[in-house]
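Visitor: sequence plus predicted model, see below.
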Amino acid sequence: MTLFHASFAVQQYDLAATLASGQTFRWRRAGDSWEGVVAARWVRLRQEPGRIRAQTAVPAGDWQWLRHYLQLDIRLEEVLATFPDDEPMRQSIAACRGLRLLRQEPWECLASFICSSTKQIVQIQQIIALLCRRYGDPLPTPEGVGPAWSFPTAARLASVSALELRECKLGFRAPYLAGAAAKLAAGELDLSRLSALPLEEARAALLELHGVGVKIADCVLLFAHGFQEAFPVDVWIARALRRLYFPRRGANLPRLRRFSQTHFGPHAGYAQQYLFHYIRTRDTQTYKRGARRGKRR
C-alpha cells in the first residue's frame, strides 16, 4: 500500500506529552512513532528535531485537517507568557514544555469524556477501542499495522441500546452516552454551533445532557471548541491546586473553581493542562520509584 507523507516544521512541540496528557484517548505508541485516527483517517506521527512527520494510508488533501488538530500554528510562547508567574506554574512549564492542546472533533470529544467518568486513562482507552471496533467503520491501514476504525457517529450510537453499550464496559455511563447520541441524532443539540456562543451559554447547552457535569462540559469546550478560558476541575486538578496553591488551608471544590476562574488568565485551560500533566506524571513517577524500592526490599 502506498503511504502519503507530510512534514511539519515545529518549535516547542512535545508530541509525546501532548498525545499522552489525558486530553485524547486513541493514540498508542508504536516504536518511535504514534498511531491514531484523526478525521476518519489512520495516522502515524513521528517527532524529529524541529519537525513532525505524518503518514496516512489514504490521500490527505492539503493536510490542513491535521494542522488544525495538532494546533501547529499556535505561538506557544505567547500562551505561556499569560500564565501567572508563580512557582507551581514555573515547575509545570519546566516539566511539560512543548505540551499543546489539541483541537478535537466535538462529538468524539464529548462521547469520550462521557465515557471517562470515574475511569483511569487506560480504562477509557479500552472502552473507546471497543466502541470503535463494534460501531465504527473500518479504515485503511498499511500492511503490518493492526485494524483501525472511525469513531462511531452519534446516529450510529443512537441506534444502539444502552444494554448493548454496556457490553463495551461502559457500566452506568451507557445510558448517558446513548442519551447524548440520541439528542444529537435528533437535532436537539448542534455541537457545531457551540463555538460561536459565549462560554456560559455553551456550557449550559452541554449541561442539558444527562450525565454531563461541569467538568465534562469544560473538557469538551476546551479540547473541541477552543474555549481557552474553560478550566476543567477533576480529581487530579483538585489535588494539584490543593497541593500547590493551598498546602496549609482547606479548599473545597467551589473555592477551587473560583480560584481557577481568576488566577490563571485568558489561557487558563492551557495552564490547567500543564498542571494536570505535571502532577499526574510526577505522582506516577513517585509511585513507580516507591514500588521498585518495595520490590527490592
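Guide: Cool, the structure landed. Residues are numbered from 1 along each chain as shown.
Visitor: where exactly do the strands run in the stretch 101-250 of the chain?
Guide: For the stretch 101-250 of the chain, the strands defined by DSSP state E, counting those that start in this stretch occupy 138-139, 148-149.
Visitor: where does H5 fall, secondary structure wise?
Guide: strand 4-9 (DSSP states H and E).
Visitor: for that strand, which residues meet the burial criterion?
Guide: Neighbour-count burial for strand 4-9 flags F8 (criterion: 16 or more other Cβ atoms under 10 Å). C-beta here means a position set from N, CA and C on the backbone, and glycine is covered the same way.
Visitor: could you export the following helix or strand past that strand as CSV, CA atoms only?
Guide: Using DSSP H and E, the next helix or strand after strand 4-9 towards the C-terminus is helix 15-19. Taking Å, rounded to 0.1, in the frame of the first residue of the first chain, the C-alpha atoms of helix 15-19 are listed here in CSV:
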residue,chain,number,x,y,z
LEU,A,15,4.3,15.3,20.7
ALA,A,16,4.5,12.6,23.3
ALA,A,17,3.4,14.8,26.1
THR,A,18,0.6,16.2,24.0
LEU,A,19,-0.8,12.9,22.9
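Visitor: what mean pLDDT does helix 15-19 get?
Guide: Averaged over helix 15-19, pLDDT sits at 96.
Visitor: got the contact list for it?
Guide: 27, 29, 34, 36, 45, 47, 52, 70, 96, 98-102, 277 (Cβ atoms under 8 Å, 6 or more residues apart in numbering).
Visitor: run the last query once more with 6 Å
Guide: Helix 15-19 is contacted by residues 27, 34, 47, 52, 96, 99-100 when judged by Cβ atoms under 6 Å, 6 or more residues apart in numbering.
Visitor: stretch 96-105 too?
Guide: So stretch 96-105 is in contact with 12-14, 17-18, 23-24, 68-69, 71, 223-224, 270, 274, 277-278, going by Cβ under 6 Å, 6+ apart.
Visitor: which two from these end up farthest apart in space?
Guide: Farthest-apart pair in the contacts of stretch 96-105 is H68 and Y278; separation 26.1 Å (Cβ to Cβ).
Visitor: so these two - more neighbours on which side?
Guide: Neighbour count, other Cβ atoms under 10 Å: between H68 and Y278, Y278 has more, with 24 against 14.
Visitor: surely the more buried one meets I93?
Guide: No: using Cβ atoms under 6 Å, Y278 is not in contact with I93; the gap is 8.6 Å.
Visitor: joint contacts of the two?
Guide: Common contacts of Y278 and I93 (Cβ under 6 Å, 6+ apart): none found.
Visitor: can you tell me which of the contacts of stretch 96-105 has the most neighbours?
Guide: That'd be Y274 among the contacts of stretch 96-105, by other Cβ under 10 Å, with 28 neighbours.
Visitor: give me the nearest residue to that residue, chain neighbours excluded.
Guide: S92 (4.1 Å; Cβ to Cβ, 6 or more residues apart in numbering).
Visitor: that neighbour in helix, strand or coil?
Guide: Following DSSP: H, G, I helix; E, B strand; the rest coil, the label given to S92 is helix.
Visitor: neighbours around it, how many?
Guide: 25.
Visitor: same thing with A181?
Guide: Neighbours around A181, by other Cβ under 10 Å: 25.
Visitor: picking that back up, out of the contacts of stretch 96-105, who's nearest I124?
Guide: Once Cβ to Cβ is applied, the member of the contacts of stretch 96-105 that ends up nearest I124 is T24, at 10.0 Å.
Visitor: helix or strand for the closest one, just tell me which one.
Guide: Counting by DSSP H and E, T24 is part of no helix or strand.
Visitor: quick one: contacts for it?
Guide: L102.
Visitor: please identify the buried residues of the host helix or strand of R53?
Guide: Under the criterion of DSSP H and E, R53 resides in strand 51-56. Neighbour counts over strand 51-56 (16+ other Cβ under 10 Å) mark 52, 54-56 as buried.
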